[in-house]
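Peer 1: sharing a model prediction with you, sequence too.
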Amino acid sequence: MAATVLNSVQQHLLKMFAFDGSEERLNEVKEVLTKYFSQKLDDRLNDLWDSGVLDQEKLDELRKIDVRTLTKR
């Protein structure tokens, strides 16, 4: 198995949370990160919608795409 190199964000998170490895702390971190990335995604989608890049027609097209087959190419 090849060694995994951690990026600077991963290294920082490991150092920051090394003091408390409890299951409760893990769940809190997961929740915070989920909310953070969800907000980033919402903001980006709103920007795309406001600029006209994304609209209802595009969303309808995306709904028809099977993303599982796209990743197998």
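Peer 2: Looks like it arrived, so ask away.
Peer 1: only C-alpha atoms from now on, for both contacts and neighbour counts.
Peer 2: Noted.
Peer 1: show me where pLDDT drops low in this protein?
Peer 2: Residue ranges of the chain with pLDDT under 70: 1, 72-73.
Peer 1: same thing but 80
Peer 2: By pLDDT under 80, the low-scoring segments of the chain are 1-2, 17, 19-21, 70-73.
Peer 1: show me where it has its helices.
Peer 2: Assigned helices in the chain, in chain order: 8-16, 23-51, 56-63, 67-71 (criterion: DSSP state H).
Peer 1: now render those as a markdown table, adding mean neighbour count.
Peer 2: Compiled in a markdown table, the helices of the chain are given as follows (neighbours: other CA atoms under 10 Å):
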| stretch | mean neighbour count |
| --- | --- |
| helix 8-16 | 10 |
| helix 23-51 | 12 |
| helix 56-63 | 10 |
| helix 67-71 | 8 |
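Peer 1: export those helices to a markdown table and tack on distance to residue 2?
Peer 2: Shown next, in a markdown table, are the helices of the chain (distance: least, CA to CA, whole Å):
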| stretch | distance to residue 2 |
| --- | --- |
| helix 8-16 | 18 |
| helix 23-51 | 26 |
| helix 56-63 | 36 |
| helix 67-71 | 23 |
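Peer 1: export stretch 22-37 as CSV, just CAs?
Peer 2: Output in CSV follows, covering the C-alpha atoms of stretch 22-37 (Å, rounded to 0.1, in the frame of the first residue of the first chain):
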residue,chain,number,x,y,z
SER,A,22,-13.7,11.4,21.7
GLU,A,23,-16.6,10.2,19.6
GLU,A,24,-18.5,13.3,20.7
ARG,A,25,-15.8,15.6,19.4
LEU,A,26,-15.7,13.7,16.1
ASN,A,27,-19.4,14.2,15.7
GLU,A,28,-19.1,17.9,16.4
VAL,A,29,-16.3,18.3,13.9
LYS,A,30,-18.3,16.4,11.3
GLU,A,31,-21.3,18.6,11.9
VAL,A,32,-19.3,21.9,11.7
LEU,A,33,-17.5,20.8,8.5
THR,A,34,-20.8,19.6,6.9
LYS,A,35,-22.4,22.9,7.6
TYR,A,36,-19.4,24.8,6.3
PHE,A,37,-19.2,23.0,3.0
